[in-house]
Structure formats: C-alpha cells, structure tokens
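Chemist: structure for this input, please:
(one chain, ligands or ions: 2)
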Amino acid sequence: MLKLYNTAAHKLENFKPLSDVVKIYTCGPTVYSDAHIGNLTAYIYWDLLVRTLKVDGFKVKRVLNLTDVGHLVSDADEGEDKLEKGAAREGKTVWEVADTYIEKFKQDYYSLELTEPEIWARATDYIEEDKEAVDLMNEHGFTYETTDGIYFDTAKFDRYADFAKLDLAGLQAGARVGFSDEKRGVADFAVWKFIHEGEKHAMRWDYLERPGYPGWHLECATIIHKELGEPIDIHTGGIDHIPIHHTNEIAECYAAYERDLSKYWLHCNFITINGEKISKSLGNVYLISDLVERGFSALDYKMWVLSGHYQGTRNFTFESLEAAKARRLGWRNRIAECYQKEIISSDSFEKILEAVNNNLNSAEAFAIIDGAELSLDDWRKIDELFGLRLIEESPKISEETSALIIMREKARKAKDFAKSDEIRDKLAGQGITVKDTSDGPVWQYLR
Ligand code: AMP
Ligand code: ZN
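Modeler: Ligands and ions are numbered 1, 2, ... in the order given. All right, here's what the predicted structure looks like:
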C-alpha cells in the first residue's frame, strides 16, 4: 500500500485514487533561464512518484506545465517580469527566450531519464481559459479591481489560511508601512494584471477592453481544469510553493469552479551546495552540463538525488556525487556479475518496492539494493522503478572481448606477462577490466 505525506492533511496518508486513472499535476519551470541542479531535484522525485504508481499497477495521467508567461521576480506581484528580464539579458524576444529554455529544460529532463508527462502544458496556450476563470471569480464575488489589475479578495475564502497554516493577522500586522496601494488584505494577489500606457510588456492579451496578462498562480488552476478536471489526485511542487503559490491556486480553483483542486499535495525540500544556498553571487549555480564537464553523467546526479529523501534538506558536494557515481558503477558491475554466474532471485524486489511505497523512501530502497542478492530480472525491475538505465548501460561483452579474456588468462598461466599486460591494456581501452579470483577471471566495467 502506497503511503504519501499529504501537505493538505499535514500527515502521512494511505494513497487511494479518486478514479481508475491517477491524475497528477506538477508545477513546472519558469522558462527564462537555465534550470540548475537544485531546480531539477523536484522532477527527479516526481519521476519516482510516477514510476512507483506505475509499478504498483496504477494508470497515470500527468500534466507538467511550462511557465512561459512572464511572472514577476517576487511572489508579491511586484518587481521585474522574469521573461522580460531574460529577453533584455539575451537581446531576444520573450518568445525566443521561452522557446530556448523549454528546449534546454527538456534536454535535461530526458538526460535524467524522467518519465514523459502525458501533457506538456505551455501557460500561454491557456490564456482564454484564464480569462474565463477570472470572469467566473468576478461573478462569484471573489475579486475586486484596482488600478493595477483584478485582485483576489482572500477574506472572501474562509479556508484561505488553512493549507499553509498561515497566520494572516500576524502577516497583516507585519506588513510594510505604506502597504497602501489598493489591496484590501495583505495576502490578496493579482489574478489579472493591467498593462498601463507606455509600460513595456511584450506579452499582452486584451481583456476587459485593455491589455494585460494573467497573474502567475492562475495558469495552474486553469490548466488543471482544462486538461485533468479538478479535483485531481496529486499535485506536486517545492516547499516554497506552499504559503503563496499553492495556497493561491487552491483559492482560485474554489472561486472559479467551486471545487477542490487536489486530494494529495506533495512538496519537496531544497538542496544546498557545500552548505550554502544556491545563488549566482556565490558562483554555485551548477547545471547538468557543468557536472558532465566534470566527468559525471546526468544519471550519476539522479542517483545522488535518490539517495536521499524528498522531504529532507540535502547538501550537495562533489565528494558525495563522486560516491553516487561509484555506487552506480558498483551496481552495473553487479549486473556484469549476473552475466557471469547464476544468481537466484529472492523476494528482494518486494522489499525495495515496499521501501519506496513508504512515502518514496528511495534512500532506504538503495540501502536494500546494496545488501541484497539480485538477479538480472530484479535489476530490470529496479530500472523500471528508478529510471537509472543500469541494464542499458551494462551490455554483455562481445564474443571478441570474451576471447581476449581467455587469451589473457592463457598468457598469464604461461607466464607471458608482456602479452597478458598488452591484452589488459586493450581491454581497458574497451572499458573492461579483469579481476583474478579463486573462481577464475571475472570481468567488470571500468566506467
Ligand atoms: P527559481 O527559479 O529559483 O524561483 O526556482 C524555481 C523553483 O525551483 C522554486 O520554486 C523551487 O521549488 C525550486 N528550487 C529552487 N532552488 C532550489 C534548491 N536549491 N533546491 C531544490 N529546489 C529548488
Ligand atoms: Zn503551480
């Protein structure tokens, strides 16, 4: 039985699907710059979620959105628009910026062997749905207009503070002096923003007879409404989404469609690098391509991520990535062992799956893998569950390579060490090493 920590219930719960297809929505990237390794952890954890559900026998329909509408750098509906910022930086249009970073995000996504969502949803493809949702929220009396846009009146939604256990009175008291504008409550947020005369904002759509653009939480509620139908089973995101983004998605969904958005909510924690926050000023914004340049594969990084738990804070170091890489090579060499001697399958895979079914505890599952006797069939199932391409990257050696190993053994026995060394070097060139054991020579992958 799959158990998940449900943020909405503030506890661990047994997973019971709403229907015969599990509907999942994952808040995706804002496509105005490269996704760094911290950003990518979420998609690795949610890939494990999808794979676990599938191995458990569920059918899954999942949407991952791509935020290509410029939303603002701060959560508070203030500051610079992220896509405009990217466009200015690169001398491109906002549309070119979005296309570029969608492409780059997908490259990383596939290199991490992440399960393809059934639908990739680009926010700008749902503007008509956004307008309809704002119409509905207006009709239902949840909004008010300011010179800045249409705002959500959080006082009208009495469950507003529940999801994140917000202390609204405290927030209100602590609000900046001069928190004047025309916002009625401190947590009120824009569902639609107006573009004023002379304001530079390339992405714009006409609504209420003037140019504007949707507020950034809205796309998730409207995409879910159109593509999946609320309530969905599972909504995923980062813990930073709890107090504002997801709280607001829930409010908008209720105000527009009078329904709950999702039954289960999963949130993953942040990683630090050498104990520090990831930030440009610290120069520690690593991309997958940076890891590859240093001799790691994307899957070594996935291995590192899955060696911890999605709810815990994690500290990334190159030493720990080195360890993850060595562990992955070790596992591939156990596959090599399967090619060379018979290993009897036990119930190990059941134990591995059980660990993962316990709130996606991949760390424990990995520890079980380290200690268990596993057959080739078990490794196949492990690949299905974690997407580590272990079997694919661990091919059986060719007949010629086998023959070389036999020749080397003969040379060694005849004490022709010049020849056996020559063959050893040749094998090393093919990425193979031979260990001499009491049972005779055993080959392994060098990399
Ligand atoms: P950003 O572009 O920095 O706003 O990040 C986009 C999303 O990536 C955030 O909303 C977080 O959920 C996630 N994220 C950012 N930094 C990290 C990190 N260091 N570790 C894990 N997730 C992160
Ligand atoms: Zn979202």
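Chemist: so what pLDDT did whichever residue of the stretch 101-250 of the chain sits closest to ligand 1 get?
Modeler: Residue nearest to ligand 1 within the stretch 101-250 of the chain: residue 238 (2.2 Å; CB to the nearest ligand atom). Yep, even glycine has a C-beta here, placed from its N, CA and C like the rest. pLDDT recorded at residue 238 is 98.
Chemist: ok, how many other residues are close to it?
Modeler: As a burial measure, residue 238 scores 18 neighbours (other CB atoms under 10 Å).
Chemist: got it, and residue 396?
Modeler: Counted with other CB under 10 Å, the neighbours of residue 396 add up to 12.
Chemist: surely residue 302 is in contact with residue 44?
Modeler: Yes. In this structure residue 302 lies within contact range of residue 44 using CB atoms under 8 Å: 5.4 Å.
Chemist: common neighbours of these two, please.
Modeler: Common neighbours of residue 302 and residue 44 (criterion: CB atoms under 8 Å, 6 or more residues apart in numbering): residue 112.
Chemist: where's the residue of the stretch 101-250 of the chain closest to ligand 1 relative to residue 68, distance?
Modeler: Distance, residue 238 to residue 68, using CB to CB, to the nearest Å: 19 Å.
Chemist: so which bits of this protein are right by ligand 2?
Modeler: With CB under 5 Å from the ion as the criterion, the chain comes near ligand 2 at residues 27, 220.
Chemist: ok, now with 6 Å
Modeler: Within the chain, the positions near ligand 2 by CB under 6 Å from the ion are 27, 220, 245, 249.
Chemist: how many neighbours does the residue nearest to residue 260 when sequence neighbours are not counted have?
Modeler: Leaving out its chain neighbours, the residue that sits closest to residue 260 by CB to CB, 6 or more residues apart in numbering is residue 231, at 4.5 Å. Using other CB under 10 Å, residue 231 has 17 other residues around it.
Chemist: just residue 269 next, same as before
Modeler: Neighbour count for residue 269, taken as other CB under 10 Å: 17.
Chemist: isn't residue 186 up against residue 168?
Modeler: Yes. Between residue 186 and residue 168 there is a contact at 7.1 Å, judged by CB under 8 Å.
Chemist: looking at the two, which one has more neighbours?
Modeler: residue 186 (17 against 14).
Chemist: residue 245: what's it in contact with?
Modeler: 27, 75, 216, 217, 220, 237.
Chemist: save those as TSV, and put in distance to residue 335, neighbour count and secondary structure too.
Modeler: Shown next, in TSV, are these (distance: CB to CB, whole Å; neighbours: other CB atoms under 10 Å; DSSP: H, G, I helix; E, B strand; the rest coil):
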residue	distance to residue 335	neighbour count	secondary structure
27	36	21	coil
75	46	17	coil
216	45	25	coil
217	45	26	coil
220	41	30	helix
237	35	22	strand
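Chemist: which one of these sits closest to residue 6?
Modeler: residue 237 (13.2 Å; CB to CB).
Chemist: need the phi and psi values for the closest residue to ligand 1 within the stretch 301-447 of the chain.
Modeler: Of all residues in the stretch 301-447 of the chain, residue 314 sits closest to ligand 1, at 7.9 Å by CB to the nearest ligand atom. With angles defined as degrees, to the nearest 10, residue 314 sits at phi -130, psi 150.
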